[in-house]
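1. One predicted model, sequence on top.
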Amino acid sequence: MQVVEKLVRKQYLVSPVQIKKLDMLAKKENASAAQLVRAAIDAYNPDMPDDMQESDLLHFALTRVKEAIADTRATRKRLEQTLRALAVAGENG
């Protein structure tokens, strides 16, 4: 579950070929084009050198996976707390 954040509308010019590719990827991933663009922006790291060694890349990927797992656990914990609070409220209401 993704944390809801304020989104800002922006316009960018892209080529018809890029639109076609984005639409194809969105369909394949069962996601919106906007979701894919946000994910691509989040994944982009200009500080990562092009000649990064495989072990460095694996370390980077492992770090990102660990962050995602921690975020997922925190989200599940908050969800469980919310569901318990709603159950208690339903019993008292």
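-> Arrived safely, thanks for sending. Numbers count the residues shown, from 1 in each chain.

2. what domains does the record give for the chain?
-> 10-44, 47-93 (automatic domain parsing).

3. Redo these as TSV? Include mean pLDDT and mean neighbour count.
-> C-beta: built from backbone N, CA, C; applies to glycine. Listed next are the domains of the chain as TSV, based on pLDDT from 0 to 100; neighbours: other CB atoms under 10 Å:
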stretch	mean pLDDT	mean neighbour count
domain 10-44	92	11
domain 47-93	87	10
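
4. so what does the helix or strand hosting residue 24 touch, helix or strand wise?
-> Using DSSP states H and E, residue 24 sits in helix 16-29. Applying 3 or more CB pairs under 8 Å, 6 or more residues apart in numbering; DSSP states H and E, one finds that helix 16-29 makes contact with helix 33-43.

5. Let me know the angle separating the helix or strand following the helix it packs on from helix 33-43.
-> Next in sequence after helix 33-43, counting helices and strands by DSSP H and E, comes helix 54-92. For helix 54-92 against helix 33-43, the angle by axes from the mean of the first three to the mean of the last three CA atoms, to 10 degrees is 130 degrees.

6. Distance check, the residue most central in space within the chain against residue 82.
-> The structure's the chain has its C-alpha centroid closest to residue 39; by CA atoms, centre = their mean the separation is 5.4 Å. In this view, residue 39 and residue 82 are 26 Å apart by CB to CB, to the nearest Å.

7. same check, this time on residue 42
-> For residue 42, the distance to residue 82 - CB to CB - is 25 Å.

8. and if you look at residue 92?
-> The gap separating residue 92 from residue 82 is 16 Å, by CB to CB.

9. do residue 61 as well
-> Taking CB to CB, one finds residue 61 at 31 Å from residue 82.

10. Also residue 45?
-> Taking CB to CB, one finds residue 45 at 33 Å from residue 82.
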